[in-house]
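K.L.:
build the 3D model from these lines:
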Amino acid sequence: MPDTDLAIELIHEDAHLLVLNKPAGLLCVPGRGEDKQDCLSARAMRRWPDALIVHRLDMATSGLVLMARGAAMQRALGDAFANRVVHKRYEAIVDGAMPVRDEWSVIDAPLMADWPRRPLQKVDPAGKPSVTRWRTLSSSKSNGEHAATHVLLEPLTGRSHQLRVHLLSIGHPILGDALYGSAKVQARAPRLLLHASELGFVHPATQQMLRFQSQPDFALSLSSTARP
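P.N.:
Residues are numbered from 1 along each chain as shown. Down below sits the predicted model:
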């Protein structure tokens, strides 16, 4: 249920960590300027003063965010992310029709900062290794410029804007993407249709395997879908 004190959804709470459902349009940490001080971490700390950020989602992205309670847990969870033992899955609605298959495909394309256009990123052979697994869930029956596809995404690395740039690189930008989408792609959705839908990891304190899920609020954007 929504936590009205935070204006965000609390998914899990224990003595060591929190899992929160960040809405689109909310920063994970404070930005520059007084108008960018409202953020997920600030809201969480009002209720849990020991809450600390472990990883981040882009402001435009919604979904699951893991927070540590205390510096020791922050280090342990940070190590888990750095060692790539945290399962992360996202859902997105992308521009264009893609074949619906049960197999996973891989985008292996190194990324680096596009310095003249910061904070944008770009695919570049000189960039850092970046790998994303993806699989189609459904595709709209529309053709041409109205076609769209619902995809699952699993980033195996954690580069800035990785999912957005990787999907753009294969010709299927995420709908509503104000950074990487064309004017038409941006106009097709009121927000970036990207949601962090699953997190799975071993609890550092209890050694219990935990898995959390969150359904995106844009799933019905493809109410008219088809499977071959």
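K.L.:
please count neighbours and contacts with C-alpha atoms only from this point.
P.N.:
OK.
K.L.:
go through the one helix or strand residue 196 maps to and flag the buried ones.
P.N.:
Following DSSP states H and E, one finds residue 196 within strand 194-202. Residues of strand 194-202 classed as buried: 194, 195, 196, 197, 198, 199, 201, 202 (neighbour count, 16 or more other Cα atoms under 10 Å).
K.L.:
and whichever helix or strand comes after that strand, C-alpha only, in CSV?
P.N.:
Per DSSP H and E, the first helix or strand lying C-terminal to strand 194-202 is strand 209-213. C-alpha atoms of strand 209-213 as CSV (Å, rounded to 0.1, in the frame of the first residue of the first chain):
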residue,chain,number,x,y,z
MET,A,209,17.5,-15.1,-0.8
LEU,A,210,15.1,-12.2,-1.4
ARG,A,211,13.2,-11.3,-4.5
PHE,A,212,10.9,-8.3,-5.0
GLN,A,213,8.6,-7.4,-7.9
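K.L.:
turn the buried residues of strand 194-202 into TSV, columns for distance to residue 48.
P.N.:
Listed next are those as TSV, based on distance: Cα to Cα, whole Å:
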residue	distance to residue 48
194	27
195	25
196	23
197	23
198	23
199	21
201	22
202	22
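K.L.:
the strand holding residue 196 pairs with which strands?
P.N.:
Paired strands of strand 194-202, with direction, are strand 62-69 (parallel), strand 87-95 (antiparallel), strand 209-213 (antiparallel) (DSSP bridges).
K.L.:
now the first one, how far from the chain's geometric center?
P.N.:
For strand 62-69, the gap between its own C-alpha mean and the chain's C-alpha mean amounts to 11 Å (Cα atoms, centre = their mean, to the nearest Å).
K.L.:
let me know the average pLDDT across it.
P.N.:
For strand 62-69, mean pLDDT is 98.
K.L.:
ok, and what's touching whatever helix or strand comes next after that strand?
P.N.:
Next along the chain after strand 62-69, taking DSSP H and E as the criterion, comes helix 71-82. Defining contact as Cα atoms under 8 Å, 6 or more residues apart in numbering, one finds that helix 71-82 is touched by 16, 17, 52, 53, 54, 55, 67, 68, 86, 201, 204.
K.L.:
dump the residues you listed into CSV; add distance to residue 117 as well.
P.N.:
Below are the contacts of helix 71-82 laid out as CSV (distance: Cα to Cα, whole Å):
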residue, distance to residue 117
16, 39
17, 36
52, 31
53, 27
54, 27
55, 24
67, 31
68, 33
86, 31
201, 35
204, 39
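K.L.:
among the residues you listed, which one lies nearest to residue 126?
P.N.:
residue 55 (25.1 Å; Cα to Cα).
K.L.:
measure that closest one to residue 199 for me?
P.N.:
Distance of residue 55 to residue 199, computed by Cα to Cα, to the nearest Å: 12 Å.
K.L.:
which of the contacts of helix 71-82 are buried?
P.N.:
With burial judged by 16+ other Cα under 10 Å, the buried subset of the contacts of helix 71-82 is 16, 17, 52, 53, 54, 55, 67, 68, 86, 201.
K.L.:
among those residues, which ones are in helices?
P.N.:
With DSSP state H as the criterion, helices contain none of these.
K.L.:
list just the nearest of those residues to residue 134.
P.N.:
Ranked by distance to residue 134 (Cα to Cα), the buried ones among the contacts of helix 71-82 are led by residue 86 at 16.9 Å.
K.L.:
thank you, goodbye.
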